[in-house]
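S.K.: Build the 3D model from these lines:
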Amino acid sequence: MKVGVVGLGYVGLPLLVEIAKSGFEGVGIDVDQAKIDAINAGKNYIEDVKDEELADLVKAGKVSATTDWSVVRDLGAISICVPTPLRKTKDPDISYIVSAVEKISPHLQKGQIIILESTTYPGTTDELLKPEFEKNGMVAGRDFYLAFSPERVDPGNPKFKTKNTPKIVGGTTADCSQKAAEFYGKIFDTVVPVSSTMCAEMVKLLENTFRSVNIGLVNEVALMCDKLQLNVWEVIEAAATKPFGFMPFYPGPGLGGHCIPIDPHYLAWKLKSLNYTARFIELASEVNGHMPEFVVDKIVKALNEDKKAVNGSKIFIVGVAYKPNVTDIRESPAIDVIGLLQSMGGTVTYHDPHIPSFEEHGLAMKSVGLDASTLKGCDCVVIVTNHAGLDYDGILANAKLVVDTRNALKGKSGKARVIKL
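M.R.: Okay, the predicted model is just below:
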């Protein structure tokens, strides 16, 4: 049968490819004509998809893409993978889900399986999708099958990709769960059924809240170690030798990406409607949100020791992607660090082999070379993202001052004065 994927970004396109590799005919639907044109031309734009793999599937007629929602009528199953960002007030923005559902609904057919993958608050599938799809008289669990299955994409992960990451599935009824699990069982190596859509929605939020809170904890430990004049990296590495009861997390300049800085706020927002305050989530967000300011404070103090002010200093940022070896700058703390330094009068340039240029939060910059002359002329080099393959020996050899927020220079030596997070 034909299977559709709505939303062709970091989640949707890899899923579309796996659907086609599993023997189905994959049809991508998106409102972005540029993405549609790229896919139909066999051109890949997601690092977790192999260029030649997509090109071969398109050439074989196994993958296609369109902006025409009427194709929904011909699909046996539809996965919705649209963005769910936060508004500036940190309230959920589910407008992309609402729009997709409203466009699918007029074309809904009996027997279809619809699976929402977009991260959202518990209750979204049953409270928002189900009533809209039942407007035409059909009933979920009898005429069509509705489920939620949280995406678990980790961009750049060399081991766990779409297919081999266990897939949680929960339906609005037992039949919905069964049908969705059977369908995804043909695509994913492992499917884990749960009792309801709300349970599946909560699973995703627990996973990312777990990471957010623990990163918040270790970031606060980094602040404590700074006050105590201790090396936080040494403390963590020593604690990690304990074979039980401890899992190492690592500090950094802040949180980035499409999940961890955002998803816990969906849960906190939902709980506010039930007169409950998610205190751990709010505290972790506060600590993590202030880390770019802590990094800038480190830079200010380090420059001051060289009898220099940020105003007028040349500061070189190494890495602006939110994590190593990806082309993604969503919520990247590097953008905040750059903005703060520029507001203080610093002349900021950057190098990132994965981000040749970016326009974000009023900033428009292009990557420059990472070479001896560039580094030698800088007053301070700040390592924000430790991409594999970067010449850290060269950085130490040609820089005067390095602020290392990722422990990237561990075990290396050089002439530069190195300040750790």
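
S.K.: What ranges does the stretch 1-150 of the chain have for its strands?
M.R.: Here the stretch 1-150 of the chain has its strands, by DSSP state E, counting those that start in this stretch, at 2-6, 25-29, 63-66, 77-80, 113-116, 145-148.

S.K.: just those strands: most buried one?
M.R.: strand 145-148 (a mean of 29; mean count of other CB atoms under 10 Å). Bear in mind the C-beta positions are built from the backbone N, C-alpha and C, glycine included.

S.K.: How far does it sit from its chain's centre?
M.R.: Strand 145-148 sits 24 Å away from the centroid of its parent chain (CA atoms, centre = their mean, to the nearest Å).

S.K.: same question, stretch 321-339
M.R.: 11 Å.

S.K.: rewinding a little: can I get the strands of the stretch 1-150 of the chain in CSV with mean pLDDT?
M.R.: Listed next are these as CSV, based on pLDDT from 0 to 100:
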stretch, mean pLDDT
strand 2-6, 98
strand 25-29, 98
strand 63-66, 98
strand 77-80, 98
strand 113-116, 98
strand 145-148, 98
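
S.K.: would you list the ones you listed in TSV and tack on distance to Asp189?
M.R.: What follows is the strands of the stretch 1-150 of the chain, written out as TSV (distance: least, CB to CB, whole Å):
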stretch	distance to Asp189
strand 2-6	18
strand 25-29	18
strand 63-66	21
strand 77-80	17
strand 113-116	17
strand 145-148	18
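
S.K.: Out of the ones you listed, which gets nearest to Ala38?
M.R.: strand 63-66 (8.3 Å; CB to CB).

S.K.: What strands line up against the closest one, and which way round?
M.R.: Using DSSP bridges, the strands paired with strand 63-66 in its sheet are strand 25-29 (parallel).

S.K.: Which residues does the partner strand contact?
M.R.: Residues outside strand 25-29 that contact it (CB atoms under 8 Å, 6 or more residues apart in numbering): 1-8, 12-13, 16-17, 19-20, 35-36, 39, 57, 61-69, 71-72, 74-75.

S.K.: for stretch 188-195, same thing?
M.R.: Taking CB under 8 Å, 6+ apart as the rule, stretch 188-195 contacts 18, 162-170, 177-178, 181, 184-185, 200, 203.

S.K.: Would you show me how to pick out the buried ones of the contacts of strand 25-29 in PyMOL?
M.R.: A single PyMOL command is used to select the members of these judged buried by 16 or more other CB atoms under 10 Å:
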select buried, resi 2+3+4+5+6+7+8+12+13+16+17+19+20+35+36+39+57+62+63+64+65+69+71+72+75
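
S.K.: Which of the contacts of strand 25-29 fall in helices?
M.R.: The helices, defined by DSSP state H, take in 12-13, 16-17, 19-20, 35-36, 39, 57 from these.

S.K.: What is the nearest of those residues to Gly345?
M.R.: Nearest member of the ones in helices among the contacts of strand 25-29 to Gly345, counting by CB to CB, is Lys35, at 39.6 Å.

S.K.: Apart from its neighbours in sequence, what residue is nearest that closest one?
M.R.: Leu8 (5.0 Å; CB to CB, 6 or more residues apart in numbering).

S.K.: ok, back up a step: between the ones in helices among the contacts of strand 25-29, which is closest to Thr124?
M.R.: For these, the nearest to Thr124 is Gly12 (17.8 Å; CB to CB).

S.K.: And the pLDDT for the nearest residue to the closest one once chain neighbours are set aside?
M.R.: Nearest residue to Gly12, sequence neighbours excluded (CB to CB, 6+ apart): Cys81, at 3.7 Å. Looking at Cys81, its pLDDT is 98.
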